[in-house]
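J.: Here is my input, please return the structure:
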Amino acid sequence: MAILQSETVECFSRSADQSKRFGMRLGNLLQPGDLICFSGELGAGKTTFIQGIAQGWGSFDPVTSPTFVLINEYNRMDGNVLFHFDAYRIGSHWEAEELDLDRMMQQGPLLIEWAERIEPILPEDRLWIRMDWVSDEQRRIVIEPQGTRYVALAQAFRQKSFGV
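T.: The predicted structure follows:
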């Protein structure tokens, strides 16, 4: 097990609804240009957490896993777009380069499931969320910020979620 840094946020979710609520708190803080990377085995709750992010961000679109289409776009009433990319079916990070992730980040926040598959092409500054299946009703969530913006984002999430 890794040693957690002081900026890291670790929490446990005891239900899908609680995971969504955590996601809503984070989604409410996102801005265009934000990169949120998710890792965790199948069934760890990544898409559930992202459903909460989209709701908290203000999307009126239903959130589904983009495993087969690769990228879903979720819209807000103000015209902003949240991008949801699933790298599970990407064979190499070279394939992901062709998707123009930089353009997406210029237009809105970008959420990437299975981000470890394309890590070599991702910006160093990002918020990494690792989700682990603990039991049928429990998930471990570790939020690791890299870069000044993401340290502030993790601190704001901690404050909104736990008051500390």
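
J.: tell me the mean pLDDT for stretch 39-46?
T.: The average pLDDT for stretch 39-46 rounds to 92.

J.: End to end on that stretch, go ahead and measure it.
T.: 8 Å (CA to CA, to the nearest Å).

J.: now stretch 86-101
T.: 12 Å.

J.: mean confidence score for it?
T.: Per-residue pLDDT over stretch 86-101 has a mean of 80.

J.: Other residues contacting that stretch?
T.: Contact partners of stretch 86-101, identified using CB atoms under 8 Å, 6 or more residues apart in numbering, comprise 65-68, 70-71, 85, 110, 112-115, 117-122. Bear in mind the C-beta positions are built from the backbone N, C-alpha and C, glycine included.

J.: Show me which residues of that stretch are buried.
T.: 86, 87, 90, 96, 99, 101 (16 or more other CB atoms under 10 Å).

J.: With stretch 140-158 instead?
T.: 140-146, 149-151, 153-154, 157-158.

J.: Also stretch 13-29?
T.: Here stretch 13-29 shows 13, 18-29 as buried, counting by 16+ other CB under 10 Å.

J.: Spatially nearest residue to residue 138, not counting backbone neighbours?
T.: Leaving out its chain neighbours, the residue that sits closest to residue 138 by CB to CB, 6 or more residues apart in numbering is residue 14, at 5.6 Å.
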